[in-house]
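Participant: Predicted structure and sequence below. I'll ask about it afterward.
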Amino acid sequence: MSIVDDEEYRNRIYFSIGDVAQELDVPQSTLRFWDAQFTDMPDYLSRKNDRGTRRYSRENLEHVRLLHYLLKVKGYTIEGAKQYLKDNKGGRNRNDEVIGRLIQIKEHLMGRVAAYDDLIREAKRKEADNG
(Lines give C-alpha, C1' and ligand atoms only; values in the text may rest on other atoms or scores of the structure.)
Protein backbone atom coordinates (compact mmCIF):
# COMPACT_ATOMS: atom_id res chain seq x y z
CA MET A 1 0.00 0.00 0.00
CA SER A 2 1.22 3.46 -0.80
CA ILE A 3 2.11 5.60 2.20
CA VAL A 4 -0.04 8.38 0.76
CA ASP A 5 -3.08 6.09 0.99
CA ASP A 6 -2.21 4.51 4.34
CA GLU A 7 -4.49 5.58 7.19
CA GLU A 8 -1.52 6.43 9.41
CA TYR A 9 -0.06 8.81 6.83
CA ARG A 10 -3.23 10.23 5.28
CA ASN A 11 -3.10 13.55 7.15
CA ARG A 12 0.64 14.05 6.99
CA ILE A 13 2.00 17.04 5.13
CA TYR A 14 5.57 15.74 5.01
CA PHE A 15 7.14 12.29 4.84
CA SER A 16 10.53 11.28 6.21
CA ILE A 17 13.32 9.91 4.06
CA GLY A 18 12.67 6.53 5.71
CA ASP A 19 9.00 6.64 4.67
CA VAL A 20 9.91 7.47 1.07
CA ALA A 21 12.68 4.85 0.96
CA GLN A 22 10.21 2.23 2.15
CA GLU A 23 7.59 3.40 -0.35
CA LEU A 24 10.01 3.06 -3.27
CA ASP A 25 11.89 0.06 -1.88
CA VAL A 26 15.26 1.80 -2.20
CA PRO A 27 17.92 2.57 0.42
CA GLN A 28 17.89 6.02 2.00
CA SER A 29 21.34 6.55 0.51
CA THR A 30 19.78 6.34 -2.96
CA LEU A 31 17.43 9.20 -2.13
CA ARG A 32 20.32 11.25 -0.76
CA PHE A 33 22.27 10.54 -3.95
CA TRP A 34 19.34 11.65 -6.10
CA ASP A 35 19.10 14.85 -4.03
CA ALA A 36 22.78 15.52 -4.79
CA GLN A 37 22.38 14.77 -8.50
CA PHE A 38 19.22 16.79 -9.18
CA THR A 39 20.16 20.05 -7.45
CA ASP A 40 19.22 22.01 -10.58
CA MET A 41 15.64 20.66 -10.32
CA PRO A 42 14.35 21.75 -6.91
CA ASP A 43 10.91 20.13 -7.33
CA TYR A 44 12.67 16.76 -7.25
CA LEU A 45 14.51 17.42 -4.01
CA SER A 46 13.58 16.87 -0.42
CA ARG A 47 13.36 19.88 1.83
CA LYS A 48 15.42 20.07 5.00
CA ASN A 49 14.05 21.38 8.27
CA ASP A 50 16.05 23.46 10.76
CA ARG A 51 17.76 20.33 12.08
CA GLY A 52 18.77 19.21 8.58
CA THR A 53 16.27 16.36 8.45
CA ARG A 54 15.01 15.61 4.95
CA ARG A 55 11.26 15.97 4.44
CA TYR A 56 9.23 15.18 1.35
CA SER A 57 5.91 16.84 0.57
CA ARG A 58 3.24 14.92 -1.34
CA GLU A 59 4.31 16.78 -4.48
CA ASN A 60 7.97 15.90 -3.85
CA LEU A 61 6.93 12.29 -3.39
CA GLU A 62 5.25 12.24 -6.81
CA HIS A 63 8.37 13.74 -8.38
CA VAL A 64 10.61 11.20 -6.64
CA ARG A 65 8.31 8.41 -7.85
CA LEU A 66 8.90 9.66 -11.39
CA LEU A 67 12.66 9.66 -10.79
CA HIS A 68 12.41 6.12 -9.44
CA TYR A 69 10.44 5.05 -12.50
CA LEU A 70 12.90 6.64 -14.93
CA LEU A 71 16.05 5.44 -13.17
CA LYS A 72 15.05 2.06 -11.77
CA VAL A 73 12.27 0.82 -14.05
CA LYS A 74 13.10 2.41 -17.41
CA GLY A 75 16.87 2.22 -16.85
CA TYR A 76 17.71 5.84 -17.61
CA THR A 77 21.06 7.20 -16.53
CA ILE A 78 21.11 10.27 -14.27
CA GLU A 79 21.93 12.45 -17.27
CA GLY A 80 19.26 10.74 -19.37
CA ALA A 81 16.65 11.30 -16.67
CA LYS A 82 17.67 14.96 -16.37
CA GLN A 83 17.33 15.39 -20.12
CA TYR A 84 13.96 13.64 -20.14
CA LEU A 85 12.69 15.91 -17.35
CA LYS A 86 13.99 19.05 -19.08
CA ASP A 87 12.46 18.03 -22.42
CA ASN A 88 9.09 17.40 -20.82
CA LYS A 89 9.10 20.31 -18.39
CA GLY A 90 6.34 22.48 -19.86
CA GLY A 91 3.60 19.99 -20.62
CA ARG A 92 5.36 17.15 -18.91
CA ASN A 93 4.42 13.79 -20.28
CA ARG A 94 2.36 12.23 -17.51
CA ASN A 95 2.23 8.82 -19.21
CA ASP A 96 5.43 7.65 -17.55
CA GLU A 97 4.19 8.81 -14.16
CA VAL A 98 0.88 7.04 -14.65
CA ILE A 99 2.60 3.87 -15.80
CA GLY A 100 4.94 3.97 -12.81
CA ARG A 101 2.03 4.42 -10.42
CA LEU A 102 0.09 1.60 -12.11
CA ILE A 103 3.10 -0.68 -11.71
CA GLN A 104 3.16 0.13 -7.99
CA ILE A 105 -0.58 -0.56 -7.71
CA LYS A 106 -0.19 -3.84 -9.58
CA GLU A 107 2.62 -4.94 -7.24
CA HIS A 108 0.51 -3.99 -4.23
CA LEU A 109 -2.49 -5.92 -5.53
CA MET A 110 -0.37 -8.95 -6.37
CA GLY A 111 0.90 -8.91 -2.79
CA ARG A 112 -2.67 -8.76 -1.51
CA VAL A 113 -3.72 -11.66 -3.74
CA ALA A 114 -0.79 -13.73 -2.46
CA ALA A 115 -1.76 -12.91 1.14
CA TYR A 116 -5.37 -13.93 0.50
CA ASP A 117 -4.22 -17.14 -1.17
CA ASP A 118 -2.18 -17.92 1.94
CA LEU A 119 -5.22 -17.28 4.14
CA ILE A 120 -7.40 -19.55 2.00
CA ARG A 121 -4.78 -22.32 2.09
CA GLU A 122 -4.50 -21.99 5.86
CA ALA A 123 -8.29 -22.09 6.29
CA LYS A 124 -8.55 -25.18 4.08
CA ARG A 125 -5.73 -26.84 6.03
CA LYS A 126 -7.47 -26.14 9.35
CA GLU A 127 -10.76 -27.39 7.93
CA ALA A 128 -9.11 -30.61 6.77
CA ASP A 129 -7.46 -31.05 10.18
CA ASN A 130 -10.77 -30.57 11.99
CA GLY A 131 -12.94 -32.58 9.62
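Facilitator: Looks like it arrived, so ask away. Numbers count the residues shown, from 1 in each chain.
Participant: Check which residues of the longest helix seen in the chain are buried.
Facilitator: The helix that spans the most residues within the chain, counting by DSSP state H, is helix 95-130. Using 16 or more other CB atoms under 10 Å as the test for burial, helix 95-130 gives 96, 97, 100, 101, 104. Every residue, glycine included, has its C-beta placed from N, CA and C.
Participant: for the fourth one, what are its contacts?
Facilitator: If I follow you right, that is residue 101. Taking CB atoms under 8 Å, 6 or more residues apart in numbering as the definition of contact, the neighbours of residue 101 are residue 65.
Participant: For residue 81, see how far away the residue nearest in space to the middle of the chain is.
Facilitator: Note on the chain: the residue nearest the mean C-alpha position is residue 24, at 3.5 Å, using CA atoms, centre = their mean. Using CB to CB, to the nearest Å, one gets 14 Å for the distance from residue 24 to residue 81.
Participant: next one: residue 122
Facilitator: 44 Å.
Participant: tell me the contacts of residue 39?
Facilitator: For residue 39, the residues meeting the contact criterion (CB under 8 Å, 6+ apart) are residue 45.
Participant: Helix, strand, or coil at it?
Facilitator: Taking DSSP: H, G, I helix; E, B strand; the rest coil as the rule, one finds residue 39 in the coil state.
Participant: what's the answer for residue 76, then?
Facilitator: Classification of residue 76 by three-state DSSP places it in coil.
Participant: how near is it to residue 11?
Facilitator: Applying CB to CB, one obtains 34 Å for the distance of residue 76 from residue 11.
Participant: quick one: which of those two has more around it?
Facilitator: residue 76 (18 against 6; other CB atoms under 10 Å).
Participant: That one contacts residue 70, doesn't it?
Facilitator: Yes: using CB atoms under 8 Å, residue 76 and residue 70 qualify as a contacting pair, with a distance of 4.5 Å.
Participant: For the residue nearest to the centre of the chain, report the pLDDT, please.
Facilitator: We note a pLDDT of 91 for residue 24 in this prediction.
Participant: Can you give me every residue that contacts the residue nearest to it when sequence neighbours are not counted?
Facilitator: For residue 24, ignoring the flanking residues on the chain, the nearest one in space by CB to CB, 6 or more residues apart in numbering is residue 68 at 4.8 Å. With contacts taken as CB under 8 Å, 6+ apart, residue 68 has the following neighbours: 24, 26, 100.
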